[in-house]
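Novice: Mind looking at a prediction? Sequence and model below.
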Amino acid sequence: MSAKKVGIVCGGFSSEFEISIQSGKTVFLNLDRKLWEVYLITIDASNWTAVDDHDNRFRVSKGDFSLNRENKQIKLDVIFNAVHGAPGENGQLAALWELLQIPFTSCDSYNAALTFNKRDCLSVLRDCKVPTAKHFSLDKGDAVDLNKILDVVGLPCFVKANRAGSSFGVFKVNHLNEFQSAITNAFKEDSQLIIESALEGREVSVGVAEFKNKIQVLPITEIISENDFFDFAAKYEGKAQEITPADLPESWQAQIEKWSTLIYKKLGLKGVVRSEFIFVENTPHLLEINTVPGFTANSIIPQQISAMGIELSDFFSYLLQTALEQE
């Protein structure tokens with residue numbers, strides 16, 4: 001069987017650009033060349049380009065996502081989506097690939113757009129009785145009534161950009177005089193905010209993926225941050241302990257598996273996703289869902305795959321094969 005042509009797409013338009021590049025390179029370096037003919041595709045606001053194993057450079061067509069170099073055109077069989085943030089995690093690229101009928105590893109455009117919008121996603125899941133923090137929505141241009149916000153969420157609380165990842169645009173507010181600055185800075189990342197009560201408890205990160213023909217919850221990771229919360233430095237600069245597999249009570253493990261599987265099914269997710277929960281009084285409360293989680297050397301999903309005794313190259317191949325079979 002000839003190797004399938006796979007495009008690993010990374011970069012994007014958001015603050016997560018550099019992290020996405022690292023994730024894309026991890027996938028590029030770990031795919032089995034006996035199974036896959038691999039192209040690393042980098043997109044930004046002005047250029048969409050691809051390189052192969054021989055450092056040949058291709059222009060990526062925004063019309064049909066083909067790779068073009070001199071008189072050569074390459075049509076991709078499948079895409080590995082490694083774009084964190086826009087346009088890879090918010091459904092924009094997924095919509096293009098759906099129109100072009102190119103299979104890809106992440107969830108469909110509608111599901112991606114829903115999960116990327118924290119406010120809308122949590123609203124849907126609250127209807128399914130998924131426990132979450134108390135919350136307040138704020139849009140740019142709204143009158144800011146701090147007393148009204150505090151009546152709902154209290155202190156401490158988190159001010160978060162509604163559509164962002166990697167803890168960009170997330171600020172913890174411990175005192176009233178920090179509130180306005182947090183709101184102003186979060187609005188630099190997004191025009192929509194979600195303000196949530198701070199949950200105090202043990203934090204876990206849960207990977208879920210469909211491979212080997214079933215939905216599987218990966219070994220759970222407990223996060224113990226050296227910082228005030230699991231911020232960018234904790235995620236990517238070693239300022240946190242990440243314990244995989246987490247040493248959790250069996251009842252906690254069962255709850256996590258139940259909620260994570262329900263979320264995956266209810267939201268119609270595909271590929272590998274990662275959710276964060278905080279246990280408050282023995283109940284896991286959902287913080288957020290990442291439908292294009294990181295694959296960098298410091299990322300959690302590779303740790304969880306390793307704890308399963310699975311090689312990254314095999315796991316990436318499972319994701320690609322699953323995408324091809326679902327087409």
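Specialist: On my side now, so go ahead.

Novice: Next one, pLDDT for the residue nearest the centre of the chain please.
Specialist: With distances taken as C-alpha atoms, centre = their mean, N290 lies nearest the centre of the chain, 2.7 Å away. Confidence at N290, expressed as pLDDT, is 93.

Novice: Pretty sure it sits against V273.
Specialist: Yes - in this structure, N290 is within contact of V273 by C-beta atoms under 8 Å, at 6.4 Å. Using the backbone N, CA and C atoms, a C-beta is placed for each residue, glycine as well.

Novice: what residues are up against C128?
Specialist: Neighbour list for C128: L262, K266 [criterion: C-beta atoms under 8 Å, 6 or more residues apart in numbering].

Novice: how about 6 Å then?
Specialist: K266 (C-beta atoms under 6 Å, 6 or more residues apart in numbering).

Novice: In the stretch 151-300 of the chain, where is pLDDT below threshold?
Specialist: Residue ranges of the stretch 151-300 of the chain with pLDDT under 70: 165-167, 227-239.

Novice: Break down it into its strands, ranges please.
Specialist: Using DSSP state E, counting those that start in this stretch, the strands of the stretch 151-300 of the chain run over residues 157-161, 170-173, 192-197, 202-211, 214-217, 221-225, 240-243, 272-280, 283-290.

Novice: what residues go with each domain of the protein?
Specialist: For the chain, the structural domains run 4-105, 113-131+200-326, 135-197, going by automatic domain parsing.

Novice: was I right about the residue nearest to the centre of the chain contacting V272?
Specialist: No - N290 lies out of contact with V272 (C-beta atoms under 6 Å); the separation is 9.5 Å.

Novice: just checking, what's the longest helix in this protein?
Specialist: helix 250-266 (DSSP state H).

Novice: In it, which of the residues would be classed as buried?
Specialist: Buried positions in helix 250-266, judged by neighbour count with 16 or more other C-beta atoms under 10 Å: W252, Q253, Q255, I256, W259, S260, I263, Y264.

Novice: Check the gap between the third one and N282 for me.
Specialist: Translated: Q255. Q255 is 8 Å from N282, where distance means C-beta to C-beta, to the nearest Å.

Novice: do the last one as well
Specialist: With distances defined as C-beta to C-beta, the gap from Y264 to N282 amounts to 23 Å.

Novice: The fourth one now?
Specialist: Here I256 is placed at a distance of 12 Å from N282 (C-beta to C-beta).

Novice: Report the spatially closest residue to L93, excluding sequence-adjacent ones.
Specialist: Distances taken as C-beta to C-beta, 6 or more residues apart in numbering put P87 closest to L93, at 4.9 Å, once the chain neighbours are dropped.

Novice: my guess is the one you found contacts A94, does it?
Specialist: No - the pair P87 / A94 is not scored as a contact, 8.8 Å apart, by C-beta under 6 Å.

Novice: of those two, who's got more company?
Specialist: Counted by other C-beta atoms under 10 Å, P87 and A94 do not tie: A94 has more neighbours, with 26 against 20.

Novice: Just give the nearest non-adjacent residue to that one, would you?
Specialist: In this structure, A94 finds its nearest non-sequential neighbour in S109, 4.0 Å apart by C-beta to C-beta, 6+ apart.

Novice: From S123, how far out is that neighbour?
Specialist: Per C-beta to C-beta, S109 is found 19 Å from S123.
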